[in-house]
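Enquirer: Give me a 3D structure for the following:
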Amino acid sequence: MKKWLTLVLMLALFATPGMASAASSNAPIKVFVDGKQLVFDVEPIMTNNTTLVQYTTVFKALGMKYTWNQQQKMITGYNDYVLMYVAIDNKTAWINGREVKMAVPAKVRNGRTLVPLRFISEATGAKVVWDGKQRTVTITSAPEKTELSQWMREHRWDDSLDAVLASEKGELLEKNAFTLAYNAVALAGYSTYPIFHFSENKLYSIDYMVDMKDRTNDEALVAIGTLYNHLEAHFGLPYRDELYFYDAADYHEEVERFAESIAAGEAELTATWQLGYTEIELAAFSDEAGGIDLYVTLFNTK
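Expert: Sure, this is the predicted structure:
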């Protein structure tokens, strides 16, 4: 009897780790965002080593707003810095104007749309850690950013003309029903003149006209590069970046001649960044007097 009892105990001892491991591999996946566990209507699933979770829950936890297009079966997620489009059963997503491939597409399970958790989280700048033994995903939200707010001069899209007028601290140069123009403010080491544009009494764009007075075209080229580098350092690579020649015959590759071509009205330069529903464009073109106009413009694209 004792021998049989000893054998049973030994089998139980050796069997326990394997059974625990099997139970662990089938245990529900837990997701934590900034220390708080998320609760889903449909439990997360693992597909091809990719965790898929209910999009509404994770978007809310990451501070993202969202909409659903039933006709296109597409999710739009956005905040001040990120604008993403993710469609059901499509591995191609769009993040701030750029096409990005996902390993696993969004899927529908039990009437809920599930999205790849790491892809969505990292697109917002969050940090993601997977613990395979505990089947736990730990997400740390991206640090709060202020760069866009600085370019917006602490204003928000759709602010009224009176609201901007009341809070703007610059010296007012011009005011009418559609425009507020102010004296120079410094951006990236250059004097710029902010001009606020309104439609139906809602702020929809801001122009920063860079002061090019008494600057040579070569100095304008330096200003273009400086502003480009400044924007890239804060907002990443632009999704559109081109030097456009109006006539292909005028095209040349010598960098030192770019400014001459722009000033002569043969070409223009544009670089565009998308941050949420805000588009930022750096543009250089002829001032029609042999010089260069240089602008940084913010648009509300929503």
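
Enquirer: distance of the closest residue to residue 52 other than its chain neighbours from residue 218?
Expert: Spatial nearest neighbour of residue 52, chain neighbours left out: residue 114 (3.9 Å); criterion: CB to CB, 6 or more residues apart in numbering. The way it works is simple: take the backbone N, C-alpha and C, and place the C-beta from them, glycine included. Applying CB to CB, to the nearest Å, the value for residue 114 to residue 218 is 55 Å.

Enquirer: remind me which residues of the chain are low pLDDT?
Expert: For the chain, the stretches flagged by pLDDT under 70 are 1-25, 244-256.

Enquirer: Helices of the stretch 201-302 of the chain, residue ranges please.
Expert: 217-235, 258-263 (DSSP state H, counting those that start in this stretch).

Enquirer: Relative to residue 272, which of the ones you listed is closest?
Expert: The stretch from the helices of the stretch 201-302 of the chain with the least distance to residue 272 (CB to CB) is helix 217-235; that distance is 9.9 Å.

Enquirer: The closest one - contacts with which helices or strands?
Expert: Applying 3 or more CB pairs under 8 Å, 6 or more residues apart in numbering; DSSP states H and E, we find helix 217-235 packed against helix 147-151, strand 190-199, helix 258-263, strand 267-275, strand 278-286, strand 292-300.

Enquirer: picking up where we left off before, which of residue 114 and residue 218 has more residues huddled nearby?
Expert: Using other CB atoms under 10 Å as the criterion, residue 114 and residue 218 rank with residue 114 on top: 25 against 12.

Enquirer: Just the element for the more buried one, please.
Expert: Using DSSP states H and E, residue 114 maps to strand 112-116.

Enquirer: Run through the neighbouring helices and strands of the helix or strand following that strand.
Expert: As assigned by DSSP H and E, the chain's next helix or strand after strand 112-116 is helix 117-123. For helix 117-123, the contact count by 3+ CB pairs under 8 Å, 6+ apart identifies strand 50-54, helix 55-61, strand 83-87, strand 127-131, strand 136-140 as packing neighbours.

Enquirer: let's see 7 Å
Expert: Counting by 3 or more CB pairs under 7 Å, 6 or more residues apart in numbering; DSSP states H and E, the packing neighbours recorded for helix 117-123 are strand 50-54, strand 127-131.

Enquirer: Indicate which one of the helices and strands packed on helix 217-235 is closest to residue 179.
Expert: Per CB to CB, nearest to residue 179 of these: strand 190-199, 5.9 Å.

Enquirer: The closest one: partners in the sheet, and parallel or antiparallel?
Expert: strand 179-182 (antiparallel), strand 185-187 (antiparallel), strand 202-210 (antiparallel) (DSSP bridges).

Enquirer: The residue nearest to residue 52 and residue 266, how far apart?
Expert: 52 Å.

Enquirer: For residue 120, find the nearest of the helices and strands packed on helix 217-235.
Expert: Per CB to CB, nearest to residue 120 of the helices and strands packed on helix 217-235: strand 267-275, 17.2 Å.

Enquirer: contact partners of that closest one?
Expert: Strand 267-275 has contacts (CB atoms under 7 Å, 6 or more residues apart in numbering) with 80-81, 83, 96-97, 148, 224, 228, 231, 235, 238-246, 250, 261-262, 279-285.

Enquirer: list the contacts for residue 218?
Expert: Counting by CB under 7 Å, 6+ apart, residue 218 has contacts residue 259.

Enquirer: so the residue nearest to residue 52 touches residue 104, yeah?
Expert: No. Shown here, residue 114 and residue 104 do not form a contact pair, counting by CB atoms under 7 Å, at 9.6 Å.

Enquirer: Residues in contact with both of these two, list them for me.
Expert: residue 52.

Enquirer: which residue sits closest to residue 147 in space, ignoring its chain neighbours?
Expert: Leaving out its chain neighbours, the residue that sits closest to residue 147 by CB to CB, 6+ apart is residue 234, at 4.3 Å.

Enquirer: My error: substitute residue 226 in the last question.
Expert: Residue 226 sits nearest to residue 188 (CB to CB, 6+ apart), 5.9 Å away.

Enquirer: Cool, thanks, signing off.
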